[in-house]
Structures are given as structure tokens and as C-alpha cells.
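> okay, structure incoming, though there's no sequence with it:
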């Protein structure tokens, strides 16, 4: 009986040792593919905590040692999720950065066989005022950002591709200064007083027009155009110039220093076109 139990134990140990190895005894190769780094904002304000989302794909189940650094500062893993079609998604929270300029984001993945690294750039600005953000958004920097991260109130996160700068819909993300009770996203602020979906249009290397789609009343009855007008007047501090009723929309013009803001609204959508003199 003891001999029989010993044989079972030996076989079990052999099976355990062989786990993770190919038929010829060599370790099964672990492959890592498609590493993505997605900041929560296309440019990040200094002096505040912020979030970055990393995603990668692999052909094995074992957990990896994953680390994200920005300018050498390590992020804290808030949540990690693995889905078949979306790969492994990790939400990182990072400490405040106190310098402006372009800093390196590095995602490092150690799976026990290989260490794989992916780098991207994130631009830091002193504030989210209109002049500062406008100056920071040049074509070269915009074109090297391909992904934007989003957090959900449930605690999860996601990555969205943002269209190339020359596309017909060059969106760079959704930004709101106030939380929307009817939305599942954790909204992050951007330019003070200008909430919505941001689209950038360039001329040569410089930003030519900034278009913000604030809301769509026909699809979301809880949204009111007055929300956006109030933000522009009070948070941005723009001055009302004129209001015109046209054939199928209302055009309201504001001025803020050397910026002109043209707000168009109808039952379908409310958006602002920002230009600089």
C-alpha cells in the first residue's frame, strides 16, 4: 500500500514539474503583444494626482510583474482586469508632477522569461487655461498620441482610440469640469469653462481651430445649452458679444482676450468653435 501511494506521489510531482513546459521539456514561450499606454488627458496639469491606463495582450494565464513610470516616478496599480478581446488592462494612479514639458511614460512587463518595455510621451502644463492649452497642442505632439484612457464610476477603466490629426473627426477625448449624474464615466476637467468632446484642427504645425461638442439635446434631454453658456461666462470668464437667430440654429459669440468663441446651438447639438486672432 505504501509503495502504491509513493508511486502516485511521484507521478503527481512529475506532472507538477512538467506544467508550463513543452513536450520536449523546454519552458513554453510566453508571448506579449500590442502594448498600449493611454493617459486620461491629452495634456496633463502639474501638481495633481492623475491616472494612466496600460493595456497589453498575451497568450498565457500567469500574472506578470507590471510597472508604469512617468519620468521615473512609479504609479500605483488601482485595478487590473483581463478580458479575452481586450487583453490585460491596468489602471495606474500617479503622484503629482511639478515640472512642465514632455515627460516619458514607460510601461514595463516582466513575465519571468522576458522583460518588455513600451514608451510614450505625455506633455505637462502649468494650468488648464485656454492660452496654455492652446499653446501646448501642436500637430507633432498630437500625432504621437493614439490612445486616451477613461475611468468608470464602477471602478473599471477603458481605452479609446483617438483619430489621427488629419482625420474628419479628430477627437482627443471627452472632458467635463463637473460630474454628470446621468453618465457612467468619471469625468476629468480640461480647459476651464469648456466641457465636452474636443476636436482639434491644425494649419501646418500649429492649432488653427478647437471645436468642443458640449451636448446633444435631442439624444440627452437632461442636457441644457444654458449649462454650456453658463460655464463659458462664469468659469472661462468670456464676454458676450452678440446673439443671432439664423435659419436653423442660434449663433452666440463670446470674446476672451484674443480668442473668439462661436457657440452654435439647435435641437441636435450645441458646440463651440474657438479661434485665435
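Perfect, I can see it now. Owing to the predicted nature of the structure, the values given are computational and were not obtained by experimental measurement.
> just the pLDDT for residue 211.
According to the prediction, residue 211 has pLDDT 95.
> and residue 29, by the same measure?
Note for residue 29: predicted pLDDT of 89.
> all strands of the stretch 51-200 of the chain, in order?
65-70, 73-74, 76-83, 87-94, 101-110, 115-125, 147-152, 157-161, 171-175, 185-186, 196-203 (DSSP state E, counting those that start in this stretch).
> for the stretch 151-277 of the chain, which segments count as helices?
225-234 (DSSP state H, counting those that start in this stretch).
> who are the contact partners of the nearest residue to residue 74 once chain neighbours are set aside?
Nearest in space to residue 74, with sequence neighbours left out and distances taken as CB to CB, 6 or more residues apart in numbering, is residue 67 at 6.3 Å. Every C-beta, even on glycine, is put in place using the N, C-alpha and C of the backbone. Counting by CB atoms under 8 Å, 6 or more residues apart in numbering, residue 67 makes contact with 74, 75, 107, 108, 110.
> looking at the sheet around residue 67, what are its partners?
residue 108 (DSSP bridges).
> residue 27 too?
So, taking DSSP bridges as the rule, residue 27 has residue 21 as bridge partners.
> next one: residue 51
Residue 51 has the following beta-bridge partners by DSSP bridges: residue 93.
> residues contacting it?
Counting by CB under 8 Å, 6+ apart, residue 51 has contacts 39, 40, 78, 91, 92, 93, 94, 149, 151, 157.
> from residue 57, how far off is the third one?
As for residue 78, its distance to residue 57 is 21 Å (criterion: CB to CB, to the nearest Å).
> is it true that residue 217 touches residue 270?
Yes: at 7.0 Å, residue 217 counts as touching residue 270 under the criterion of CB atoms under 8 Å.
> which of the two has more neighbours?
residue 270 (26 against 17; other CB atoms under 10 Å).
> dump the residue contacts of the more buried one.
213, 214, 215, 216, 217, 223, 225, 228, 263, 264.
> rerun that using 6 Å as the cut-off
For residue 270, the contact set (CB atoms under 6 Å, 6 or more residues apart in numbering) comprises 214, 215, 225, 228.
> how about CSV for the residues you listed, with neighbour count, distance to residue 205 and pLDDT added?
As requested, the contacts of residue 270 are exported to CSV (neighbours: other CB atoms under 10 Å; distance: CB to CB, whole Å; pLDDT from 0 to 100):
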residue, neighbour count, distance to residue 205, pLDDT
214, 24, 28, 94
215, 21, 31, 90
225, 19, 34, 92
228, 24, 30, 94
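> as TSV, those with distance to residue 48 would be great.
Putting the contacts of residue 270 into TSV (distance: CB to CB, whole Å) gives the following:
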residue	distance to residue 48
214	24
215	26
225	30
228	24
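> just give the closest residue to residue 193, not the sequence neighbours.
residue 236 (2.8 Å).
> what about the one you found, how many residues close to it?
21.
> domains of the protein?
Using automatic domain parsing, the domain ranges for the chain come out as 30-162, 171-277.
> can you tell me which of those domains the model trusts least?
Looking at these, the weakest mean confidence is domain 171-277, a mean of 91.
> residue 75: what's it in contact with?
Going by CB under 6 Å, 6+ apart, residue 75 touches 68, 92, 94.
> quick one, phi/psi of it?
phi -90, psi 160 (degrees, to the nearest 10).
> contacting residues for the spatially closest residue to it that is not a sequence neighbour?
Distance criterion CB to CB, 6+ apart; nearest residue to residue 75, sequence neighbours excluded, is residue 92 at 3.3 Å. By CB under 6 Å, 6+ apart, the contact list for residue 92 reads 52, 68, 75.
> considering those residues, which is situated nearest to residue 31?
Closest approach between the contacts of residue 92 and residue 31, by CB to CB: residue 68, at 20.8 Å.
> just list the residues touching that closest one, thanks.
Shown in contact with residue 68 (CB under 6 Å, 6+ apart): 54, 75, 92, 107.
> go again with 7 Å.
52, 54, 75, 92, 105, 107 (CB atoms under 7 Å, 6 or more residues apart in numbering).
> burial of the nearest residue to residue 256 once chain neighbours are set aside, as a residue count?
Leaving aside its sequence neighbours, residue 256 sits nearest to residue 238 (CB to CB, 6+ apart; 4.2 Å). For residue 238, the neighbour count with other CB under 10 Å is 25.
> now do residue 123
20.
> residue 151 too?
Counted with other CB under 10 Å, residue 151 comes out at 21.
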